[in-house]
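*Asks:* fold the following, please.
(2 chains)
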Amino acid sequence: MRREILKTLMLASLVTTVAGCAVNETATVTVNNDGTTQQIIESKSGTLSSDLTIADVKTGYVGDLLKTQVTIKNDSRHDLSFEYKFKWLDKNGFEVAIDGRPWTPLTITPYESKTVQGVAPNPSVNSFKILVQD
Amino acid sequence: MMKFMNIFAVILAGLLLTACSSQKIQYGDATAVETTTTGFGSTDLQSIAAKMVDDLISFPPIVQMTANRRPVVFVDKIKNKTTEHIDTESITDTIQTKLLQSGKFRFVDMTAVKAIQEQMQFQMDSGMVDPNKAAAFGKQTGAEFMLYGNMSSITKRNNGVQDVYYKFTLKMVNLESGIMEWAGEKEIRKTGEKTFMSM
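*Replies:* Next up, the predicted model:
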């Protein structure tokens, strides 16, 4: 009995140590000044590029501020939980308001799509990136 | 021999467990998702501020109003109606900073009134400041709008599961007419479950 408890304890501690490490991956979509969009998916393990797609990117202006709506679709048969973040860039490619937006958690059910939106922090922004990490 | 093996196993398990709880200090991403407890945290603060600012600066009548001028606003307190101690001034500080940096609004800082008054008194009465260059009394701009709001929560617990719901409401009222020009809301739901390891 004591050996069983010891074995369980050892296994549990091993699992906890291994589960502490997680792999991050990033997908990037850039919208250019002329209205065309450029999608770059950077994925190390392939999970995001195979299960998650940026289905639609819409941009517009509210006054002089860039507003964007991005539709993210889950193509897999299981729930996907990940985090996303917007990065804003000015016409020279400089990032505006660095760390101005937090990573936001999002869960999408199988074959479902969700729309996320953001408004640029100031009028100098004319393009953006959306980063997705699991 | 058996006893020796048991002691060895306990030491090994202890070492593996302490590997998780040893003192290791490192810098992290301030904008990363924080899920240490179900209590109010940095992710909640940042997501509330981002949502409020996005809502306010993209609301059509506000867009129209701020197209050619930068209205002056003052920030009142956010009433904390939750059971937690939450620094609501920190939330309004972040919102104020983001609004100011958007170039759409200007603010009068009511928290600095006493310091401003003392400095102006010094400029006027000390005899050390050139009267032509001293800031004159009675020339400050009055705020046109006031930002204020509430923060409330509903917490429920059952069989080791805790559910916390936060609701943050921010309103902007025209001081002269008393008309509420805009209101925004952000809801947050967090669920915490006690697992085997944390019991």
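
*Asks:* and the gap between A:Val125 and A:Tyr61?
*Replies:* Counting by Cβ to Cβ, to the nearest Å, the gap from A:Val125 to A:Tyr61 is 10 Å. Every residue, glycine included, has its C-beta placed from N, CA and C.

*Asks:* what does B:Gly184 give?
*Replies:* Note on B:Gly184: its distance to A:Tyr61, by Cβ to Cβ, is 20 Å.

*Asks:* doesn't B:Thr82 fall inside a strand?
*Replies:* No - judged by DSSP: H, G, I helix; E, B strand; the rest coil, B:Thr82 forms no part of a strand; its state is coil.

*Asks:* need the nearest residue in space to it, chain neighbours excluded.
*Replies:* B:Ser153 (3.9 Å; Cβ to Cβ, 6 or more residues apart in numbering or on different chains).

*Asks:* and for A:Val119?
*Replies:* The nearest residue in space to A:Val119 (Cβ to Cβ, 6+ apart) is B:Asp54, at 4.4 Å.

*Asks:* give me the pLDDT for that neighbour.
*Replies:* The predicted local distance difference test score for B:Asp54 is 93.

*Asks:* isn't it up against A:Gly118?
*Replies:* Yes - in this structure B:Asp54 lies within contact range of A:Gly118 using Cβ atoms under 8 Å: 6.5 Å.

*Asks:* for the residue nearest to A:Val119, which residues are in contact?
*Replies:* Residues in contact with B:Asp54 (Cβ atoms under 8 Å, 6 or more residues apart in numbering or on different chains) are A:117-119.

*Asks:* please repeat the previous calculation with a cut-off of 10 Å.
*Replies:* Neighbour list for B:Asp54: A:62, A:65, A:67, A:101, A:117-121, B:98, B:184 [criterion: Cβ atoms under 10 Å, 6 or more residues apart in numbering or on different chains].

*Asks:* now the helices: where do they sit in chain B?
*Replies:* Read by DSSP state H, chain B holds these helices, from start to end of the chain: B:2-21, B:42-58, B:60-65, B:88-101, B:113-125.

*Asks:* looking at those helices, which is nearest to B:Thr31?
*Replies:* Set against B:Thr31 and scored by Cβ to Cβ, those come closest in helix B:42-58, at 6.4 Å.

*Asks:* so which bits of that closest one are buried?
*Replies:* By neighbour count with 16 or more other Cβ atoms under 10 Å in any protein chain shown, helix B:42-58 contains the buried residues B:43-58.

*Asks:* so where's chain B uncertain?
*Replies:* Low-confidence segments of chain B, defined by pLDDT under 70, span residues B:1-5, B:7-21, B:196-199.

*Asks:* tally of neighbours for B:Thr92?
*Replies:* Summarising burial for B:Thr92: neighbours were counted as other Cβ atoms under 10 Å in any protein chain shown, giving 20.

*Asks:* surely it and B:Asn80 touch.
*Replies:* No - B:Thr92 is beyond contact range of B:Asn80, at 11.5 Å (criterion: Cβ atoms under 10 Å).

*Asks:* excluding chain neighbours, what is closest to A:Asp64?
*Replies:* A:Pro123 (4.2 Å).

*Asks:* contacting residues for that neighbour?
*Replies:* By Cβ under 10 Å, 6+ apart, A:Pro123 lies in contact with A:61, A:63-66, A:90, A:96, B:102-104.

*Asks:* among those, which one has the most neighbours?
*Replies:* Most surrounded of the contacts of A:Pro123: other Cβ under 10 Å gives B:Lys104, at 24 neighbours.

*Asks:* go ahead and confirm it touches B:Val63.
*Replies:* Yes - under the criterion of Cβ under 10 Å, B:Lys104 makes contact with B:Val63 at 8.7 Å.

*Asks:* which pLDDT does the model give A:Thr53?
*Replies:* Predicted confidence (pLDDT) for A:Thr53: 79.
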